[in-house]
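Trainee: The following comprises the amino acid sequence and a computationally predicted model.
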Amino acid sequence: LLLMELGSSSIGPSFKAANPPVRISKNTNLTLRRGSQRFSFRVSSVSYKEFADSALEETRKRVVLEPSPLQERYSSMTGLDGKTQLQMLAFKSPKIRLLRSMAIENETMQVFDFAGFMEPEYDTPIFCANFFTSANTNIVVLDLNPLQQLTDQTDYQDKYYKNIMSIYHKYDEMFPWGGKLTAESIKFFSPLVMWTRFSSSQEKHKALFSAFLEYYQAWLEMTIQVKEEIEPSQVRANREAQHKYLTWRAQKDPGHGLLRKLFGEEKAKELLRDFLFNGVNELGTKTFIDYFPEYQTEDGTVSDKRSIIGKSFETRPWDSNGLFIG
C-alpha cells in the first residue's frame, strides 16, 4: 500500500511475459471522444489477481513453495460496506521468509500489494509492487527495495542493481516519475524504482504487467543465486535492516488510512503489522522511535507527520546509471 503516498550477482535473462491480464468485455466501453479526448476505462477491466497468479506460477517453476502459517489466518475479508473484497495469499520457501499478496476490490477501485521478504541469512532486496487503480487514475510503485541505503554508491548496489538497470530503462518513457516523494521514504527505494501515475489504457496495463513480471523475475533470480550468509554479525545486520524497513512501513505506510476506512482501525493495524509487514514483531525488539528518533514528539509518541526533514523529490533523484544525484 506504499503507493498511497501522494506526496556481484549476474542476473539472468529477462522473463518473457505471458498475455497481459487486461480484459475488454462488451460491457466495458472504451470510448475516446475527439476533442475532449475523454477516456473511459472500467476498473473491472484490470485483473490484478492474474498478476499474482503469474508470479506464483513462475516461482513454482524454480522454487519449492509451501503455504505460510499466515495463510490459515488470512485469506479473505469483506469490508465494512459489505461490498469491498480483500483476498490474501501467503507462502514461504527455504530462502524466502514470506511471499505474500493482498488484493482489494470494489466497484470504484482495485488495490494490489505483492511483496517478497527473505530469511535473515540472505541480503537480497525486498520485492515491492503496489498498484492502485480507479476510474480516473493509476498509481504504481514497483521496486526491489534495498536492505542498505543507496543514496551513496555501495558494493550492495553493484551486487544487485548494476546489471539490471536496463529493465527500468525499458519502461521509463512510458512510466515517468510520478511526483513528490519525501526524503525519508526515498531511503527505502532503489535506482530501479518505478514510481508513476497514469490514466488507464489497454497499452499501459499491458506494459505494467510486462514490467511487473520482469522485475519479479529479476528478484526471483537473485533469490536463487544468493549464497547463505554464515557470519553471525552479517546475519544480525540483515535481520535488523529488514526489521527497520518493516517498522517504518508498519508505522508510516500511507495505505493505513484506506485500510481504516474499509475495515476499521483495529483490523487495519492488525493487517499492517501481522500480514503486510509481518516480522515487525518477530525480527527485532527496537521501536519506531529507536530507529527514527527525529519523529518523537514532546510527549514521547510518534509524530503523525509524513516528513520531518521537509524535503521531497519532485523529479527522479538517480541518473541513468543509478547514481544518486539528489
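Mentor: Yes, it's here.
Trainee: Going by C-alpha atoms from here, please, whenever you check contacts or count neighbours.
Mentor: Will do.
Trainee: what's the neighbour count on the residue lying closest to K227 once chain neighbours are set aside?
Mentor: In this structure, K227 finds its nearest non-sequential neighbour in Y122, 7.0 Å apart by C-alpha to C-alpha, 6 or more residues apart in numbering. A total of 20 residues lie near Y122 under the criterion other C-alpha atoms under 10 Å.
Trainee: separation between Y122 and F275?
Mentor: Separation of Y122 from F275 (C-alpha to C-alpha, to the nearest Å) stands at 21 Å.
Trainee: V140 too?
Mentor: Using C-alpha to C-alpha, which is the criterion applied here, V140 is 21 Å from F275.
Trainee: ok, now which ones touch A241?
Mentor: Neighbour list for A241: 147-148 [criterion: C-alpha atoms under 8 Å, 6 or more residues apart in numbering].
Trainee: any idea how far Q71 lies from T247?
Mentor: The span separating Q71 from T247 equals 22 Å under the rule C-alpha to C-alpha.
Trainee: Surely E221 forms part of a strand?
Mentor: No - with DSSP: H, G, I helix; E, B strand; the rest coil as the criterion, E221 is helix rather than part of a strand.
Trainee: May I have the predicted confidence score for it?
Mentor: The per-residue pLDDT reported for E221 equals 98.
Trainee: Same check on P20?
Mentor: The score at P20 is 47. That number is its pLDDT.
Trainee: can you offset everything so residue one is 138?
Mentor: Okay, using 138 as the starting number, the last item reads as P157.
Trainee: one step back: who has more neighbours out of Q208 and T384?
Mentor: Between Q208 and T384, T384 has the larger neighbour count (other C-alpha under 10 Å), namely 25 against 15.
Trainee: tell me the secondary structure for the more buried one?
Mentor: Using three-state DSSP, the structure places T384 in helix.
Trainee: can you pull the contacts of L413?
Mentor: Neighbour list for L413: 237, 239 [criterion: C-alpha under 8 Å, 6+ apart].
Trainee: so where's the stretch 238-387 of the chain uncertain?
Mentor: By pLDDT under 70, the low-scoring segments of the stretch 238-387 of the chain are 290.
Trainee: where do the strands sit along the stretch 138-287 of the chain?
Mentor: 168-169, 176-177, 203-204, 213-215, 222-229, 233-242, 246-255, 263-271, 275-282 (DSSP state E, counting those that start in this stretch).
Trainee: CSV for those, including distance to T288 and mean neighbour count?
Mentor: Formatted as CSV, the entries for these read as follows, by distance: least, C-alpha to C-alpha, whole Å; neighbours: other C-alpha atoms under 10 Å:
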stretch, distance to T288, mean neighbour count
strand 168-169, 42, 12
strand 176-177, 39, 16
strand 203-204, 36, 14
strand 213-215, 38, 14
strand 222-229, 31, 20
strand 233-242, 26, 22
strand 246-255, 22, 23
strand 263-271, 17, 22
strand 275-282, 13, 24
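Trainee: Out of those, which is closest to H380?
Mentor: Within the strands of the stretch 138-287 of the chain, the stretch nearest H380 is strand 246-255; the backing value is 10.7 Å (C-alpha to C-alpha).
Trainee: what does whichever strand or helix holds E403 contact?
Mentor: Under the criterion of DSSP states H and E, E403 resides in helix 402-407. Contacts of helix 402-407 with the rest of the structure, by C-alpha under 8 Å, 6+ apart, involve 393, 396-397.
Trainee: Please repeat the previous calculation with a cut-off of 6 Å.
Mentor: Contacts of helix 402-407 from elsewhere in the structure, counted by C-alpha atoms under 6 Å, 6 or more residues apart in numbering, are 396-397.
Trainee: next one: it to chain centre, how far?
Mentor: Per C-alpha atoms, centre = their mean, to the nearest Å, the displacement of helix 402-407 from the mean C-alpha position of its chain is 20 Å.
Trainee: For it, give the mean pLDDT please.
Mentor: Across helix 402-407, the per-residue pLDDT values average to 96.
Trainee: which is the next helix or strand following that helix?
Mentor: Scanning the chain past helix 402-407 towards its C-terminal end, the next helix or strand to appear is helix 425-428 (assignment: DSSP H and E).
Trainee: In CSV, list the C-alpha atoms belonging to that following helix.
Mentor: Coordinates of the C-alpha atoms in helix 425-428 are reproduced here as CSV (Å, rounded to 0.1, in the frame of the first residue of the first chain):
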residue,chain,number,x,y,z
PHE,A,425,10.0,3.1,15.6
ILE,A,426,11.5,5.8,17.8
ASP,A,427,14.6,3.7,18.3
TYR,A,428,15.2,3.7,14.6
